[in-house]
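Undergrad: Below are the sequence and a predicted model for it; my questions follow.
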Amino acid sequence: FRFSAAQCHDCPLWRQCRDAKQAPNANAMRQVFISDYRPEVEAARAYNATDDFKADMKLRFQVEQLIAHQTRYNGGRVARFIGLAKSDFQAKMCAMALNLKAWMKLTFSTASPEKILT
């Protein structure tokens with residue numbers, strides 16, 4: 001949307017979006033873009049203010065650690081094959097490799113389960 005200064009002259013938000021020294025008859029245009037994804041963004045912002053979001057963020061580091069391990073050490077960054085089925089198979093094999101590493105460490109070490117993948 002485009003608004004000229006003359007259109008915005010009586011707006012109560014004039015001082016918030018235009019320079020106070022700018023004359024109402026100036027030729028400057030004010031442009032506003034409203035994304036198609038605005039409802040989703042607003043819902044995400046509302047969720048970010050909840051206690052559920054805070055609880056989810058406390059668990060995030062555990063998930064991020066697994067994803068980082070997959071992408072760095074198990075070939076999970078790049079799909080080696082074309083097609084959804086082959087890419088899905090590759091992702092599952094990368095996850096299986098990660099699980100096998102964790103299982104081997106649990107089997108042959110005395111480390112606590114929380115420290116297995118670090």
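TA: Great, that's in hand.
Undergrad: ok, which stretches of the chain are helices?
TA: 5-8, 14-17, 38-48, 51-73, 84-108 (DSSP state H).
Undergrad: Tell me which of those helices is the most buried.
TA: Between the helices of the chain, helix 5-8 has the highest mean count of neighbours, a mean of 15, where neighbours are mean count of other C-beta atoms under 10 Å. Using the backbone N, CA and C atoms, a C-beta is placed for each residue, glycine as well.
Undergrad: And stretch 14-32, end to end?
TA: According to C-alpha to C-alpha, to the nearest Å, stretch 14-32 extends 14 Å from its N-terminal end residue to its C-terminal end residue.
Undergrad: And the average pLDDT for stretch 39-53 is what?
TA: Mean pLDDT, computed over stretch 39-53, is 96.
Undergrad: and what of stretch 14-23?
TA: Here stretch 14-23 scores 68 as its mean pLDDT.
Undergrad: Equivalent analysis for stretch 102-112, please.
TA: The average of the pLDDT scores along stretch 102-112 is 78.
Undergrad: from the chain's centre, how far out does that stretch sit?
TA: From the chain centre to the centre of stretch 102-112 is a distance of 33 Å (C-alpha atoms, centre = their mean, to the nearest Å).
Undergrad: Check stretch 64-84 too.
TA: Centroid separation for stretch 64-84 versus its chain: 18 Å, with C-alpha atoms, centre = their mean.
Undergrad: Also stretch 48-66?
TA: For stretch 48-66 - counting by C-alpha atoms, centre = their mean - the centre lies 12 Å from the chain centre.
Undergrad: Write down the beta-bridge partners of Gln31, one by one.
TA: In this structure, Gln31 has the following beta-bridge partners (DSSP bridges): Arg2.
Undergrad: ok, now how distant is it from His9?
TA: The gap separating Gln31 from His9 is 17 Å, by C-beta to C-beta, to the nearest Å.
Undergrad: quick one, which of these two is more surrounded?
TA: A count of neighbours by other C-beta atoms under 10 Å puts His9 above the other of Gln31 and His9, at 12 against 7.
Undergrad: how near is the more buried one to Arg30?
TA: In this structure, His9 and Arg30 are 12 Å apart, going by C-beta to C-beta.
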